[in-house]
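**Q** just the structure for this:
(3 chains)
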Amino acid sequence: MSKDSSDLFGALFEAAPAKSVMSRTVPVLVPMPAPRAYSYAVPEGMAVEPGSVVQVPLGPRQVIGVVWDGDDDGGVDPKKLRPISHVFDCPPLGKQMRDFIDWVATYTLSPPGLVARMALRAPAAFDPEPMIEGLHFIGGQPERLTPARAKVMEIAADGLSWTRLGLAHAAGVSTSVVDGLISQGIFETIFLPPPPVVAKPDPEFTASRLQGPQKDAADEILADVRKGEFAVSLIDGVTGSGKTEVYFEAIAETLRRGKQVLILLPEIALTASFLERFQDRFGAKPAEWHSDLAPKMREKVWRQAVTGEVRVVAGARSALFLPFEDLGLIIVDEEHDPAYKQEDRVYYNARDMAVVRGRIGDFPVVLVSATPSVESQVNGQSGRYTTIHLPTRYGDAALPDLHLIDMRRHAPERGGFLSPVLLRAIGKTVAKGEQALLFLNRRGYAPLTLCRVCGHRFQCPQCSSWLVEHRFRNQIQCHQCGYAERTPEACPECGTLDHLVACGPGVERIAEEVERHFPDARTIMLSSDIAGGVKRLRLELDAIAKGEADIVIGTQLVAKGHNFPLMTLVGIVDADLGLANGDPRAAERTFQLLSQVTGRAGRTGLKSHGLLQTYQPQHPVMQAIVSGDAGAFYEREILERERAILPPFGRLASIIVSADSRQDAEAHARGMRNAAPQVSGIAVLGPAEAPIALVRGRHRFRLLVHGRRNSDMQAFLRAMLAQSPKERGSIQVQLDIDPQSFL
DNA sequence: AGCACGCCGACT
DNA sequence: GTCGGCGTGCTC
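**A** Numbering: from 1, shown residues only, chains lettered A, B, ... in the order given. Below you'll find the model as predicted:
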């Protein structure tokens, strides 16, 4: 076509009222780090509204997007405009969900498209689930009644609908027998709606058996639930105090009011035993939602949450972005758990965002923990959250007696790490036929290996942390970045053979020591990297609960949720571990972890003990744990935080930058100082203190922003982004500590 | 985020 | 001479 003719077409187009001008343009959030929605044309005859889930062309591919609110700005070059390809036949995301997505995007300074994507993580779930093909028995006689045919007809005579395969299976014949009967008109094919993923939970399946403080606590929360308005409660009670039973009553009440419920749990706590407990109370299991849900199941749960068929979902943090039809309550169990933080792409803390979702949807949120986060503790003290204390254990369970072992006075034998006091206690426990748990939060055999001849230390070539020896796998591994190599026999520096020494203990080494001392005891060692994966882990945990082990040595995965009825001794091998790293939350994490581990013992009423090996018996965390005085710990920790990371730097507080390398971090910090001279508190963390995935190509760094007033932080970060637009998309922001501004 | 394009090193 | 690494830029 010549240039002239195209001009001619252009002229014609202007002369007549152009159709393209008539066609509507809408904003669509696409799964891409763009700062705002893109514009798409709505083809003639296509009906879309804000919230509609659509398929749109984006560059060379088709992607899932959501039609968004607001007038389209029309600023985009009309030549770029492309039409929406398809509208999915699924309920549009509601206004509350859209507001929530916008809020999260603004708060975390994430591209809204990437936040929206989290709500649409169920490929192929957006069109209706296909109907199930069923067979319905009409009656009549086939031409030739063989024994196989008779059997099929006898079974199908119940009048219920059967699937082709199911019927053949039940009759013990092949599907071709059934096919024969279908072709003879004995059966008709009908279409049935897909079955629900889970049965409806029944709030009256069992009556509440709560009493005393549990009953009072439940009543307090029920008052909020009945009002059906936004309110945040913090249930604070020791392990075994009946927290779950209390929030189950809140769930029951919400179900009676006809609303959906979301239970958030750290992935690791979403266990079969939790689901069974729920089933015991409600007669049906909740739907599950977590990262390794089978794709088919994922689609079903997503769709049925959207349509309202599923009433209760128990899920890991990503479940917070399920677009429920009518959500009326969120429970955040183990609210202090760091697993609620997502630290890639969109940075968010599901615990805080759950509170936001409750406020936007105007329904109650219940946070639950034996060791609440300092943030929630502060919010409780200031009255923003209603704190409900459950001070005692339930039934005949009793907390273990806790004692510190001062390792300076009770030193282990040479080459060992277990003090004589702890070894004696293990011996006594095993002799009584009870179980002992040794806890050390360090995988592998030894955290550092060095050459006795030249002093060479094995360091990770990628990220400079020490390589950890894993003797069972004959590997040395980097626990920061995953680098691994075979354990060498000779020192790579001086070439000397057999002179490498392991420094310090890991669980493998403790297991070795235990086996040396108690050769006849049944010993199980558990860490996240055991051969056989999650499946094997489950089996081992079950075996322990059944009493098939005498001594268990484990990392933090034994701390979470599992009940071991025969466990009467918990030994913390190195209670100080974790207090020394640069994390501003070191004390809090240690307190939480050690409280959880010691809480594993004593749940059946047997007399139980906890022994904590420490070099710092005067440390506030140790004192708080043995005295059971959590209040003192929190008081102190809150003050420490005020001093250390909330210094009064004018209106802005402190900023912590961490990056792939310390040089990067320092360069960024310099840039920030120039961009915002009013901020005097900038701390720099290198990768060892704050591990970050190495991302090639693009710089990627992380700001941990600590502040009292989120709006100030936001304003500052926005200003910074405006100054260096190139950093947009590569800066990931996590606003910490400050869950205040959204209330 | 994903994908294409485009530029330089080791190989069928 | 190509295959393929990853740095750069773009997507309504």
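**Q** excluding its backbone neighbours, what's nearest A:I132?
**A** A:L192 (4.6 Å; C-beta to C-beta, 6 or more residues apart in numbering). In this view, the C-beta of every residue, glycine as well, is placed from N, C-alpha and C.
**Q** what residues does the stretch 101-250 of chain A put near DNA strand B?
**A** A:L114 (C-beta under 7 Å from any atom of the strand).
**Q** ok, the helix or strand hosting A:V26 near DNA strand C or not?
**A** Using DSSP states H and E, A:V26 maps to strand A:25-29. No: using C-beta under 7 Å from any atom of the strand, we find that strand A:25-29 stays clear of DNA strand C, coming within 7.8 Å at best.
**Q** just the C-alphas of that strand, formatted as CSV.
**A** Listed next in CSV are the C-alpha coordinates belonging to strand A:25-29 (Å, rounded to 0.1, in the frame of the first residue of the first chain):
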residue,chain,number,x,y,z
THR,A,25,-11.0,2.0,27.1
VAL,A,26,-10.4,0.6,30.6
PRO,A,27,-7.5,0.3,32.9
VAL,A,28,-6.2,-3.2,33.4
LEU,A,29,-3.7,-4.4,35.9
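**Q** next, the buried residues of that strand.
**A** Within strand A:25-29, the residues that qualify as buried by neighbour count (16 or more other C-beta atoms under 10 Å) are A:T25, A:V26, A:P27, A:V28, A:L29.
**Q** beyond it, next helix or strand please.
**A** Downstream of strand A:25-29, the first helix or strand assigned by DSSP H and E is strand A:38-41.
**Q** what average pLDDT does that following strand get?
**A** Averaged across strand A:38-41, pLDDT comes to 94.
**Q** from the chain's centroid, how far away is that strand?
**A** Taking C-alpha atoms, centre = their mean, to the nearest Å, one finds strand A:38-41 lying 34 Å from the centre of the chain it belongs to.
**Q** who's in contact with that strand?
**A** A:20, A:23-30, A:54, A:56, A:58, A:65, A:72-74, A:76, A:81-84 (C-beta atoms under 8 Å, 6 or more residues apart in numbering).
**Q** buried subset of the residues you listed?
**A** The neighbour-count criterion (16+ other C-beta under 10 Å) marks A:25-30, A:54, A:56, A:58, A:65, A:72, A:81, A:84 among the contacts of strand A:38-41 as buried.
**Q** all strands of the stretch 101-250 of chain A, in order?
**A** Residue ranges of the strands in the stretch 101-250 of chain A, as given by DSSP state E, counting those that start in this stretch, are A:132-137, A:187-192, A:232-237.
**Q** thinking again about what came up before, just checking, what packs against the strand holding A:V26?
**A** Here strand A:25-29 is seen to pack against strand A:38-41, strand A:61-67, helix A:112-119 when contacts are counted using 3 or more C-beta pairs under 8 Å, 6 or more residues apart in numbering; DSSP states H and E.
**Q** out of those, which one sits most buried?
**A** helix A:112-119 (a mean of 23; mean count of other C-beta atoms under 10 Å).
**Q** show me what that one is packed against.
**A** Applying 3+ C-beta pairs under 8 Å, 6+ apart, we find helix A:112-119 packed against strand A:25-29, strand A:61-67, helix A:95-108, strand A:346-349.
**Q** near DNA strand C, which residues of chain A?
**A** So far as C-beta under 7 Å from any atom of the strand goes, chain A lies against DNA strand C at A:32-34, A:38-41, A:57-59, A:76, A:80-82, A:696-698.
**Q** ok, which of the residues you listed also contact DNA strand B?
**A** Among these, the residues that sit close to DNA strand B (C-beta under 7 Å from any atom of the strand) are A:M32, A:P33, A:G59.
**Q** make CSV out of those residues and add distance to A:T590, neighbour count and pLDDT.
**A** Formatted as CSV, these follow (distance: C-beta to C-beta, whole Å; neighbours: other C-beta atoms under 10 Å; pLDDT from 0 to 100):
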residue, distance to A:T590, neighbour count, pLDDT
A:M32, 40, 15, 90
A:P33, 36, 15, 82
A:G59, 48, 8, 89
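**Q** let's have those residues in CSV, adding distance to A:S608.
**A** Converted to CSV, these look like this (distance: C-beta to C-beta, whole Å):
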residue, distance to A:S608
A:M32, 54
A:P33, 52
A:G59, 62
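**Q** what's the closest of these to A:V621?
**A** A:P33 (40.2 Å; C-beta to C-beta).
**Q** list the contacts for the residue nearest to the closest one when sequence neighbours are not counted?
**A** Nearest residue to A:P33 in three dimensions, chain neighbours excluded: A:P111, at 4.1 Å (C-beta to C-beta, 6+ apart). For A:P111, the contact set (C-beta under 8 Å, 6+ apart) comprises A:M32, A:P33, A:A34, A:P35, A:A105, A:G729.
**Q** let's see the pLDDT reported for A:P111.
**A** For A:P111, the predicted pLDDT is 85.
**Q** for A:A350, see how far away it is.
**A** According to C-beta to C-beta, to the nearest Å, A:P111 and A:A350 sit 19 Å apart.
**Q** A:R522 against A:K546, yeah?
**A** No: the criterion here is C-beta atoms under 8 Å, and A:R522 misses it with A:K546 at 11.7 Å.
**Q** these two: which has the busier surroundings?
**A** Just comparing A:R522 and A:K546: by other C-beta atoms under 10 Å the higher neighbour count belongs to A:R522, 15 against 11.
**Q** circling back to that earlier point, between the ones next to DNA strand B among the residues of chain A next to DNA strand C, which is nearest A:A217?
**A** For these, the residue nearest A:A217 by C-beta to C-beta is A:P33; the value is 43.7 Å.
**Q** hmm, back to that, and the residue nearest to A:I132, how far is that from DNA strand B?
**A** A:L192 sits 35 Å away from DNA strand B, going by C-beta to the nearest atom of the strand, to the nearest Å.
**Q** what of A:L422?
**A** Taking C-beta to the nearest atom of the strand as the measure, A:L422 and DNA strand B are separated by 47 Å.
**Q** who's in contact with that residue?
**A** A:I405, A:L438, A:G571, A:L611, A:Q613.
**Q** quick revisit: from the contacts of A:P111, which is closest to A:M97?
**A** Of all the contacts of A:P111, A:M97 sits closest to A:A105, with 12.6 Å by C-beta to C-beta.
**Q** my read is that the closest one contacts A:V115, right?
**A** Yes: between A:A105 and A:V115 there is a contact under C-beta under 8 Å: 4.5 Å.
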